[in-house]
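K.L.:
how does the following fold in three dimensions:
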Amino acid sequence: MEWVAMLRIDPSLTDFLKELQRIIGRLIGFQPLRVEDIENICGVDVSYSGKDAVAAAVLWSLHSQRVIEKAEYRGRPAFPYVPGFL
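P.N.:
Numbering: from 1, shown residues only. Okay, the predicted model is just below:
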C-alpha cells in the first residue's frame with residue numbers, strides 16, 4: 001500500500017507487535033473438531049483503498065441457516081495495514 005510507506009511507524013512498535021504475534025501463535029493449540037459440535041461460523045474480511053478501509057463480519061447459524069448478526073466499518077483504520085500482521 002502506498003500510504004503505509006508514507007507513514008513513519010516506530011520500529012519498536014512493530015518489533016513489539018511481531019513478538020506479540022509470535023507469543024500468541026505459540027499459545028494457540030489445535031485439536032480435532034467434530035462438525036456436529038459447530039453451531040455458528042463467523043467470516044471476517046477487510047479491504048483497503050488508499051487510506052481508507054472497509055471491514056465486514058458476518059455470524060452464520062449452521063442450524064437455522066441464517067445470518068445471526070453482521071457488522072461493517074468504513075473509514076480510516078486506527079492502525080495502518082502492515083503485511084504479515086494479523
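K.L.:
strands of the chain, residue ranges please.
P.N.:
According to DSSP state E, the chain carries its strands in the segments 40-49, 52-61, 66-75.
K.L.:
pretty sure V82 contacts I9?
P.N.:
Yes - taking contacts as Cβ atoms under 8 Å, V82 lies within contact range of I9: 7.4 Å. Every C-beta, even on glycine, is put in place using the N, C-alpha and C of the backbone.
K.L.:
what sits in contact with each of those two?
P.N.:
With Cβ atoms under 8 Å, 6 or more residues apart in numbering applied, the contact sets of V82 and I9 do not overlap.
K.L.:
any weak-confidence spans in the protein?
P.N.:
Across the chain, the stretches falling below the confidence threshold (pLDDT under 70) are 1-8, 86.
K.L.:
in it, where's the longest helix?
P.N.:
For the chain, the helix that runs over the most residues, judged by DSSP state H, is helix 11-27.
K.L.:
how about the closest residue to G43 other than its chain neighbours, what does it touch?
P.N.:
Residue nearest to G43 in three dimensions, not counting chain neighbours: V58, with 5.2 Å by Cβ to Cβ, 6 or more residues apart in numbering. Neighbour list for V58: 42-43, 67, 69-70 [criterion: Cβ under 8 Å, 6+ apart].
K.L.:
picking that back up, would you list the strands of the chain in CSV and tack on distance to I24?
P.N.:
Putting the strands of the chain into CSV (distance: least, Cβ to Cβ, whole Å) gives the following:
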stretch, distance to I24
strand 40-49, 17
strand 52-61, 20
strand 66-75, 23
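K.L.:
so the residue nearest to R74 when sequence neighbours are not counted bridges to which residues?
P.N.:
Residue nearest to R74 in three dimensions, not counting chain neighbours: V54, with 5.1 Å by Cβ to Cβ, 6+ apart. Using DSSP bridges, the beta-bridge partners of V54 come out as S47, R74.
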